[in-house]
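Asks: Dropping a prediction and its sequence here:
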Amino acid sequence: MTPGSPNATFRDPAGSLSFEDDRVIRRVGAASRAAVLDLLETPFCQAAQQRGQLIDAEIEESRQGLRLCHPKISVPTYPWEWTPTQWLAAAELTLDLCQQALDGGWILKDATPLNVLFTGTRPIFVDILSFERRDPHSSIWLAYGQYVRTFLLPLLMDRTLSWPLSLSLFKRDGYEPAECYAALGWGRRLSRDAFWPITLPTLLDRRSQSPAPAKKRSSRIADPEVTADVLRRTLKDLRRRTQRALPDSASSNWSEYQDTLTHYTAGQSRQKLDWVRSAIETAQPVRVLDIGANTGEFSALAASMGAEVVALERDNASADRLFRMARERNLPIQTICADIARPTPAVGWENAESVALLPRLAGQFDLVLMLAVIHHLLLMEQIPLPAIFDLCYRLTRHHMIVEWVPVEDPMYQSLMRGRNSLYGSLNEADLLAACAGRFQVLDRQALENGRILFLLEKIETP
């Protein structure tokens with residue numbers, strides 16, 4: 001369900017999507033009409049919608065046929081922008097819904113992370129057309145292989161060989177067991193985690209290509225209760241294996257950043273926190289974008305003050321800690337693991353199936369936070385100051401909080417790497433010049449360590 005993608009569902013013959021203001025319109029094909037209406041009346045579907053696991057759907061009849069009207073997710077994200085714990089949450093939701101559908105006489109006909117979006121820390125399944133009536137005599141879950149390729153193997157290869165989950169950007173249907181097998185040594189191929197989903201399917205596939213084909217065994221069972229029990233055990237086993245595939249809690253220099261600060265004393269950190277709290281009280285934002293959120297200290301502050309927050313963090317370990325923190329504290333924070341300087345591109349057929357990150361963010365927020373970020377964009381990405389504020393002007397509707405790090409700051413010096421002629425003379429006046437015509441200063445706070453905080457207000461053009 002991707003805004004701005006007119007062909008987002010051209011792969012699904014059962015229906016198509018369009019976007020109208022704050023609604024997503026799903027047109028249902030005539031062949032699927034009766035089944036969809038029956039599904040929406042089932043107790044399991046209605047219960048899942050009430051719990052927020054399954055997208056709401058208002059039924060409308062039109063000359064063109066059946067339409068389902070869904071609420072629009074403000075900032076949709078894709079699996080390649082998720083942390084490992086978000087992947088697990090989406091996988092567990094998929095298995096939960098398949099289990100619930102199974103008990104009601106239905107089943108999921110496909111199982112891919114692309115069926116899931118996030119609202120805050122909560123995953124929500126958005127493709128109602130993924131459900132179909134279950135054959136009571138079949139013990140095979142047809143979406144089993146897709147689940148393994150798109151959910152289990154990416155998590156397992158991230159854990160085993162540190163293949164980034166962001167690589168799913170280039171793997172629409174996940175990993176094939178054979179490509180994972182080729183990357184593993186024999187020790188790992190025979191491990192309990194890899195043998196079943198990777199090694200065994202690869203060896204069986206090689207055997208099936210031999211001149212003497214193996215005899216196929218029927219998966220049909222006369223007793224529907226036995227069939228249902230087989231499927232339940234399949235789903236339970238998949239859940240156990242997926243949970244075990246979750247990488248151990250990772251750490252990085254940035255995920256430990258708040259615990260290892262050398263350029264902030266405890267008193268200076270409190271001073272910064274208190275001033276940002278005061279600035280948020282002045283701005284009164286409903287929706288906040290925290291760019292370079294790290295592990296979420298200021299995202300949590302804004303959320304605790306009543307704002308809905310989207311936290312953007314490029315370091316995977318930091319972003320995962322942020323997501324777990326928000327979930328544990330039940331805070332309205334949506335985590336996106338992405339880099340504002342190298343944002344997620346549009347991908348898919350004709351670049352129209354998945355929308356780039358920046359168009360999904362533009363104009364969505366009352367306040368943008370950029371705390372200790374600008375010097376990274378300047379020195380590591382070589383983004384000019386005017387370009388940084390041009391982008392922020394498009395992202396925020398009203399306000400911006402920015403932290404200026406002076407040249408004398410030890411972090412600035414470590415990132416400058418001898419390029420004094422380029423960056424050694426930048427100062428506060430350059431920042432204010434970049435703001436001219438875009439933002440006006442509402443408040444300014446110089447910290448004891450020399451850093452300066454600004455509350456900026458967007459200047460509306462006539």
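Replies: Perfect, thanks for sending it.
Asks: which of the residues in the helix or strand containing residue 193 are buried?
Replies: Secondary structure from DSSP states H and E places residue 193 in helix 192-194. Residues residue 194 are the ones in helix 192-194 that count as buried (16 or more other C-beta atoms under 10 Å). All C-beta atoms are positioned from the backbone trio N, CA, C, and that covers glycine.
Asks: pLDDT on that helix, on average?
Replies: Taken as a whole, helix 192-194 has an average pLDDT of 94.
Asks: Tell me the helix or strand right after that helix.
Replies: With DSSP H and E, the next secondary element past helix 192-194 is helix 200-208.
Asks: That next one packs against which elements?
Replies: Helix 200-208 sits against helix 177-183, with contacts defined as 3 or more C-beta pairs under 8 Å, 6 or more residues apart in numbering; DSSP states H and E.
Asks: can you count the residues close to the residue lying closest to residue 166 once chain neighbours are set aside?
Replies: Leaving aside its sequence neighbours, residue 166 sits nearest to residue 80 (C-beta to C-beta, 6 or more residues apart in numbering; 4.7 Å). Neighbour count for residue 80, taken as other C-beta atoms under 10 Å: 20.
Asks: who touches residue 80 in this structure?
Replies: The neighbours of residue 80, taking C-beta atoms under 8 Å, 6 or more residues apart in numbering as the test, are 165, 166, 167, 168, 169, 344.
Asks: Local confidence estimate at residue 407?
Replies: Confidence score, pLDDT, at residue 407: 93.
Asks: Please report the distance of it from residue 423.
Replies: 7 Å (C-beta to C-beta, to the nearest Å).
Asks: okay, and the common contacts of those two?
Replies: With C-beta under 8 Å, 6+ apart, residue 407 and residue 423 have common neighbours residue 416.
Asks: unless I'm mixing things up, residue 16 is touching residue 26, no?
Replies: Yes: the pair residue 16 / residue 26 is scored as a contact, 7.4 Å apart, by C-beta atoms under 8 Å.
Asks: ok, how many other residues are close to the closest residue in space to residue 159 that isn't next to it in sequence?
Replies: Nearest non-adjacent residue to residue 159, counting by C-beta to C-beta, 6+ apart: residue 247, 4.1 Å away. A total of 21 residues lie near residue 247 under the criterion other C-beta under 10 Å.
Asks: which of residue 16 and residue 26 has more neighbours?
Replies: Taking other C-beta under 10 Å, residue 16 and residue 26 do not tie; residue 26 has more neighbours (25 against 17).
Asks: The more buried one: what's it in contact with?
Replies: Counting by C-beta under 8 Å, 6+ apart, residue 26 touches 15, 16, 17, 57, 67, 68, 69, 70, 128, 129.
Asks: For ChimeraX, write a command that selects the buried ones of those.
Replies: Selecting only the buried entries of the contacts of residue 26 in ChimeraX, with 16+ other C-beta under 10 Å as the criterion:
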select :15,16,17,57,67,68,70,128,129
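Asks: if we take the contacts of residue 26, which one ends up nearest to residue 443?
Replies: Nearest to residue 443, judged by C-beta to C-beta, of the contacts of residue 26 is residue 70 at 40.8 Å.
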